[in-house]
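Asker: Below is the sequence, then the predicted model.
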Amino acid sequence: MEKIIVNIKKDVEALLNTDKSGHGMDHIERVLNLSYDLANNMNVNMHIVSLIALLHDVDDYKLFGEDNAKNLSNARRILEKYEIDDNIKEIVLTSISQIGYSKRLKGIKPQYLEGMIVSDADMLDAMGACGIARSIAYASTKGRKIFDENIFPTLDLDASGYVKEKDTTMINHVFEKLLKLKDLMLTDNAKDLALIRHNFMVNFLKEYFKELKLENWEIFLEKYLEK
Ligand code: ADP
Ligand code: NI
């Protein structure tokens, strides 16, 4: 790995190492590795891919507030500290501003291939076994329930509903966001991986409701999947 990328990684670690809600350095490491896998046979600038992957969450509104999210203050400061070329800096910052589930709900999506790769990697890490583990970690830190058999998912959450984060359960979050991610992949390489991770989550839910003997939830899941 390039020296500059190793150093930037340390700066990112210093910013994110206190996070327990699923945005920690482990998430960034997985997104970086997945981005390299996806970029493998593609004609992209790996230096730019690395920068976007490392910096994509350093101004997240949930961790650093709306002002940072708008100005990308941390990402900008780090890119300037390492004297990254202006044209590369521009591609990286634009891409970061175009990555994220709630942005996608508003119709915003990455315009550069490098941004598409990191967006796919970021969403893949919210799916599958890692995705289930992260959403359990998130629910625990927020004091949310894993499951409540009396609260069914809201299936038409638009951007405002999603950002408001009503008191939802971890299982409902799987329906409300995670099962929708497979259709948001932008690169062909990510589509196959997304399907594997999607099917794992469906099987997890099936087994969960079977263990709890909740036939109404099993039927709810079947109906959801038919749509
Ligand atoms: P990302 O960094 O992939 O854009 P988010 O910022 O949306 O992800 O959320 C971070 C992690 O926390 C993800 O794995 C996500 O699924 C999980 N998460 C977010 N909101 C909830 C919730 N209401 N309940 C459970 N998990 C959640
Ligand atoms: Ni992320």
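Answerer: Arrived safely. Numbers count the residues shown, from 1 in each chain. Ligands and ions are numbered 1, 2, ... in the order given.
Asker: mind showing which ranges of this protein have poor pLDDT?
Answerer: 19-22, 157-166 (pLDDT under 70).
Asker: can you list the residues of this protein near ligand 2?
Answerer: 57, 122 (CB under 5 Å from the ion). (Each C-beta comes from the backbone N, C-alpha and C, glycine too.)
Asker: Up against ligand 1, what does this structure have?
Answerer: Applying CB under 6 Å from any ligand atom, we find that the chain lies next to ligand 1 at 22-23, 57, 100-101, 122, 126, 131, 134-135, 138-139, 165, 168, 170, 173, 177-178.
Asker: now those residues: which count as buried?
Answerer: Buried by 16 or more other CB atoms under 10 Å: 22-23, 57, 100-101, 122, 126, 131, 134-135, 138-139, 168, 170, 173, 177-178, out of those.
Asker: The nearest residue to residue 88 once chain neighbours are set aside: what's it in contact with?
Answerer: Nearest non-adjacent residue to residue 88, counting by CB to CB, 6 or more residues apart in numbering: residue 48, 6.0 Å away. If you count contacts by CB atoms under 8 Å, 6 or more residues apart in numbering, residue 48 has them with 88, 91-92, 95, 112, 114.
Asker: for residue 48, helix, strand, or coil?
Answerer: Secondary structure, DSSP: H, G, I helix; E, B strand; the rest coil: residue 48 is helix.
Asker: Next: residue 41.
Answerer: Applying three-state DSSP: residue 41 is coil.
Asker: shouldn't it be in contact with residue 189?
Answerer: Yes. With contact defined as CB atoms under 8 Å, residue 41 counts as touching residue 189 (7.4 Å).
Asker: Go through stretch 100-114 and flag the buried ones.
Answerer: So for stretch 100-114, counting by 16+ other CB under 10 Å, buried means 100-102, 104-105, 110, 112-114.
Asker: Not counting sequence-adjacent ones, nearest residue to residue 92?
Answerer: residue 51 (4.7 Å).
Asker: again, but for residue 202
Answerer: Per CB to CB, 6+ apart, closest to residue 202 is residue 225, 6.8 Å.
Asker: again, but for residue 68
Answerer: residue 59 (4.4 Å).
Asker: Distance across stretch 136-152, terminal residue to terminal residue?
Answerer: 18 Å (CA to CA, to the nearest Å).
Asker: How far off centre is stretch 141-156?
Answerer: Distance, stretch centre to chain centre, for stretch 141-156: 19 Å (CA atoms, centre = their mean, to the nearest Å).
Asker: er, stretch 127-143 I mean
Answerer: 12 Å.
Asker: could you dump stretch 44-51 to CSV, C-alpha only?
Answerer: Provided in CSV are the C-alpha atoms of stretch 44-51 (Å, rounded to 0.1, in the frame of the first residue of the first chain):
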residue,chain,number,x,y,z
VAL,A,44,-10.1,2.8,-12.6
ASN,A,45,-7.6,4.9,-10.6
MET,A,46,-6.9,2.9,-7.4
HIS,A,47,-5.4,5.9,-5.7
ILE,A,48,-8.7,7.7,-6.0
VAL,A,49,-10.6,4.5,-5.0
SER,A,50,-8.5,4.3,-1.8
LEU,A,51,-9.0,7.9,-0.9
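Asker: mind listing what's buried in it?
Answerer: 44, 46-51.
Asker: what are the ranges of the helices in the protein?
Answerer: 3-16, 25-39, 46-55, 61-71, 73-81, 86-96, 101-105, 113-124, 128-141, 159-164, 170-176, 188-211, 215-226 (DSSP state H).
Asker: Any idea which of these gets closest to residue 153?
Answerer: Across the helices of the chain, residue 153 has its closest neighbour in helix 170-176 (3.8 Å, CB to CB).
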